[in-house]
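Enquirer: curious how this folds, go ahead:
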Amino acid sequence: MKNKAPRSARETAVVVICDVLQHGRSLTDALSITEELEARERAFCRELCYGTLRWHDRLNGILNLLLKKPFKPKDLDITVLALIGLYQIIYLNTPDHAAVSETVTLCRSGKKSWAKGVLNGVLRNFLRNRASLESSVDESLNLRTSHPSWLTQALTKNWGQQSVDILDANNQYPPMSIRVNQKITSRNTYLKQLEASGISATKNPFNNSGLTLEHSVNVDQLPDFWQGASSVQDSAAQLAAELLDIKEGQRILDVCAAPGGKAAHILETAPSNVSLLAIDIDENRNQRVIENLQRLHLDAEIMSVDGLQPNEWFDGQSFDRILLDAPCSATGVIRRHPDIKLLRKASDISTLVTLQYDLLKAIWPLLSKNGVLLYATCSILSSENSQQISTFLREHTDAKEIKITADWGQPCEHGQQILPGDNNMDGFYYACLKKV
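Expert: Numbers count the residues shown, from 1 in each chain. Predicted coordinates:
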């Protein structure tokens, strides 16, 4: 199947998934081609892409039982077609005959018409032997939960018996949470606007601006979204602004700020006379920060610079508050980004741990005396979180941990960890450090 302008949801899904599996492209970026589809087809295509990648390892385990030998690497598109067909049969309400016929149809023309009979046989064989095939694959925890073995082992080491709940939570559909811009309206007022628009939502119990929608909607359906009244942001990410405990007149630094959700929340809740510098090394991602702040009618200084090299951009004026939203494995947000299970490798973790520590070391001197640095990740691996802070405290005698006392998450040796699905939140880690 050529990488031509796609004509249907299924054909587009094959192109998107091949892009992720073959080229290591993120699912978010690969889905950009779905804008060519009309709304209903686009929604179906996204469901096929997210679902097939979410359950990739389990589906692939079943496919391997159905094939005498795997398809060749050059026939990845045929493999993906088979996985999409299996996904529709197992996880969607697609009638069996439709799932088979529509999948096979995509092979009827072109150089790969040979695959028509193979796919037809594979899918019909699955329908005949479904129970035994699924039972066989599910004997493996990795395949049952559709996670790579390195990650299953890491989670088991970190979280023991809780790891199975984490693995299952990673495969759930995440809720859509929003943050009300308190510079424009109140949460109660916005809740009434949502109700008037036929959108049901509940209040986030851990802050004054968060709402979780009963059903996801397009942002165009959110009242006054483009006028800056609200933003889409997971409830766990909404905890950062309050943890920083910002006072009047303070100078704030947001490191690795893109796409700007936490920076915006800080400005929405902080006194109007604070100043914020948001930095990120990626100029393209910084454009998102600019666009988000403009939509929300907020002001900050934005710089595309390297946090590891403050000597190139720091003006000598120390900061009262620093948010380091550190680059991480993103193992806490797999339910939103299932491609992480396929793109992240065990070898990535040590590289990330080194980068996180180097950023902490580089940024710490920029914090004023009695200032507070909030270290945040969307990881659930202790090597990136509690162990990282333990090492930093041991090597920096001018750093003292401020214990987080909260109704959310669970305390670690250092900091507080939210696991995926806890109170409907993504997996997040926070630790507060004070310079003494």
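Enquirer: sec struct for the residue nearest the centre of the chain, please.
Expert: Centre of the chain computed as the mean C-alpha position; nearest residue by C-alpha atoms, centre = their mean is residue 333, 3.9 Å away. Recorded secondary structure, residue 333: coil (DSSP: H, G, I helix; E, B strand; the rest coil).
Enquirer: quick one: average confidence on stretch 322-342?
Expert: For stretch 322-342, mean pLDDT rounds to 98.
Enquirer: I'd like the distance between residue 342 and residue 378.
Expert: 17 Å (C-beta to C-beta, to the nearest Å). C-beta here means a position set from N, CA and C on the backbone, and glycine is covered the same way.
Enquirer: ignore the last one, residue 97
Expert: Distance from residue 97 to residue 378, by C-beta to C-beta: 41 Å.
Enquirer: cool, residue 413 as well?
Expert: 20 Å.
Enquirer: who has more neighbours out of the two?
Expert: residue 378 (25 against 11; other C-beta atoms under 10 Å).
Enquirer: and for the residue nearest to that one when sequence neighbours are not counted, the neighbour number?
Expert: By the measure of C-beta to C-beta, 6 or more residues apart in numbering, the closest residue to residue 378 outside its immediate chain neighbours is residue 332, 4.4 Å from it. The criterion is other C-beta under 10 Å. On that basis, residue 332 has 30 neighbouring residues.
Enquirer: contacting residues for residue 332?
Expert: Residue 332 makes contact with 236, 377, 378, 379, 380, 418, 419, 420, 426, 427, 428, 429, according to C-beta atoms under 8 Å, 6 or more residues apart in numbering.
Enquirer: same check on residue 59?
Expert: So residue 59 contacts 52, 83, 86, 87, 90, 146 (C-beta under 8 Å, 6+ apart).
Enquirer: switch the cut-off to 7 Å
Expert: Residue 59 makes contact with 52, 83, 86, 87, according to C-beta atoms under 7 Å, 6 or more residues apart in numbering.
Enquirer: and what of residue 184?
Expert: Contacts of residue 184 by C-beta under 7 Å, 6+ apart are 228, 229.
Enquirer: how about the strands in the stretch 151-300 of the chain?
Expert: 177-180, 201-203, 210-213, 230-232, 251-255, 275-280 (DSSP state E, counting those that start in this stretch).
Enquirer: export the ones you listed to TSV and append columns for distance to residue 370 and mean neighbour count.
Expert: Output for the strands of the stretch 151-300 of the chain, formatted as TSV (distance: least, C-beta to C-beta, whole Å; neighbours: other C-beta atoms under 10 Å):
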stretch	distance to residue 370	mean neighbour count
strand 177-180	29	26
strand 201-203	34	16
strand 210-213	29	21
strand 230-232	31	20
strand 251-255	13	24
strand 275-280	18	23
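Enquirer: of the ones you listed, which is nearest residue 364?
Expert: Proximity to residue 364 (C-beta to C-beta) singles out strand 251-255 among the strands of the stretch 151-300 of the chain, at 10.9 Å.
Enquirer: next one: residue 234 from residue 426, what distance?
Expert: The span separating residue 234 from residue 426 equals 5 Å under the rule C-beta to C-beta.
Enquirer: go on, residue 434?
Expert: 26 Å.
Enquirer: picking up where we left off before, and the two most separated of the contacts of residue 59?
Expert: 52 and 86 (8.5 Å).
Enquirer: I'd say the residue nearest to the centre of the chain and residue 426 touch.
Expert: Yes - Residue 333 lies in contact with residue 426 (C-beta atoms under 7 Å); the separation is 4.9 Å.
Enquirer: what residues are shared contacts of the two?
Expert: What both residue 333 and residue 426 touch, as defined by C-beta under 7 Å, 6+ apart, is the set residue 378.
Enquirer: in a strand, that's where residue 321 is, yeah?
Expert: Yes - per three-state DSSP, residue 321 lies within a strand segment.
Enquirer: for it, list each beta-bridge partner.
Expert: residue 252, residue 372 (DSSP bridges).
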